[in-house]
Structure formats: C-alpha cells, structure tokens
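In: Quick one: sequence and predicted model below, then my questions.
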Amino acid sequence: KLSELDGLKPYYELNVKSRNGGISDAEVSFLGGPGYRLPKIAEWNHACLGGTSSTFYFGNDTNVMDEYVWFNKTSGGRTHPVGEKKPNGFGLHDIVGNVGEWNEDLIINPMTGKSEAVLRGGGFNAQSYECQNDRMYKAALNWGTRGCGIRLARDAIGEKK
C-alpha cells in the first residue's frame, strides 16, 4: 500500500485468503517492482553495521549499550517509539533491540525441510548478546508477536523527473 501511495509499482502482491481478527492465511506473489519491501539479510546487515566492523554498531563497549538499545535491562518490558535512543552511523534508530525485524530471505530448516523466516536485531526483551550485529533468529512464517516489526527497504533508483 505504501508503494502505491508513493506512485511505485509494488514489489509484492498479497492475496488474503482468510481473516480471523487479523490475516490468518495469505499468499504472497513477488512482482519485482521498485516499491517497498523487506530487506534481504545482507542488506539488513549492511544497514545495521552503519559503516562499522565492531560487535555492536556502537562499538565493542557494552557499557554504553543503554544509550543505543532497548533491551531487557533498559526497556521496562515493552517496546518504545523509534528514535529515543542514539542512531547508528547511517542515522538509523533501533536497528537492534526494541523489536526483531523480519527479513525477506528464508532459511530451510535442515531438521524439517520447511522454510523459516529470518528475524534480526533482538528485541525489547533480548539480552545484550542477542543484540549483536550478526545475530539471526528463525521463526515460523506465520509467527508474530508484539516483539516483531519491519524495516522497509527499496532499491536505489534514479531521480524522478
């Protein structure tokens, strides 16, 4: 919907099959348009690092973590509005902590053979080590909780004329 509001061809098309107080079953088609989408794992990681190569995007000193991240010791057990903590080197707020963020890539579970979703960034109830740049979480494709969120991505394209 946001893509359409911005006059862009959507990247996805969602065909809702059933709703029970929310979407309980749907099919997603990839249209490949220049609209908004979930970031791929590599894109999310690049955005998270914000130009650094440290364990956390704010460096390796966990003593300053509370200035940057909503996690189990700073969140009070809840999510917070984006932008209340310091941003990373690219100016992105809350890329770790606060909520885990869905990525577009799927991982095949070697035990079940089923596709699983990828979430990155820990969350408001995560421990400090779970907010490291390289942490990845697997989840069922229909899993959701108040600790999940999205960060939208879009391919760089030329200026509109």
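Out: Perfect, thanks for sending it.
In: Contact partners for the spatially most central residue of the chain?
Out: If you average the C-alpha coordinates of the chain and look for the closest C-alpha using CA atoms, centre = their mean, you land on Glu101, 2.3 Å from that point. Glu101 sits next to 44, 95, 119-121, 148-151 when contact means CB atoms under 8 Å, 6 or more residues apart in numbering. (Glycine included, C-beta is placed from N, CA and C.)
In: Which members of those are classed as buried?
Out: By neighbour count, with 16 or more other CB atoms under 10 Å, those hold 44, 95, 119-121, 148-149, 151 as buried.
In: Restricted to helices, list the residues you listed.
Out: Trp44 (DSSP state H).
In: Might you report the residue contacts of Glu27?
Out: 14-15, 17.
In: quick one, strands of the chain?
Out: With DSSP state E applied, the chain shows strands at 12-19, 23-30, 100-108, 115-120, 136-139, 148-149, listed in chain order.
In: what residues does the shortest one touch?
Out: Read it as strand 148-149. Counting by CB under 8 Å, 6+ apart, strand 148-149 makes contact with 98-102, 119, 123, 139, all of which sit outside it.
In: Asn103: neighbouring residues, count only.
Out: Using other CB atoms under 10 Å, Asn103 has 25 other residues around it.
In: Could you give the bridge partners of the closest residue to it other than its chain neighbours?
Out: Excluding the flanking residues, the one nearest Asn103 by CB to CB, 6 or more residues apart in numbering is Val118, at 4.3 Å. In this structure, Val118 bridges to Asn103, Lys138 when assessed by DSSP bridges.
In: which residues touch Val118?
Out: The contact partners of Val118, taken as CB under 8 Å, 6+ apart, are 41, 102-103, 105-107, 136-139.
In: Same check on Leu106?
Out: The neighbours of Leu106, taking CB under 8 Å, 6+ apart as the test, are 115-118, 141.
In: Repeat that for Ala140.
Out: For Ala140, the set of contacting residues under the criterion of CB under 8 Å, 6+ apart consists of 116-117.
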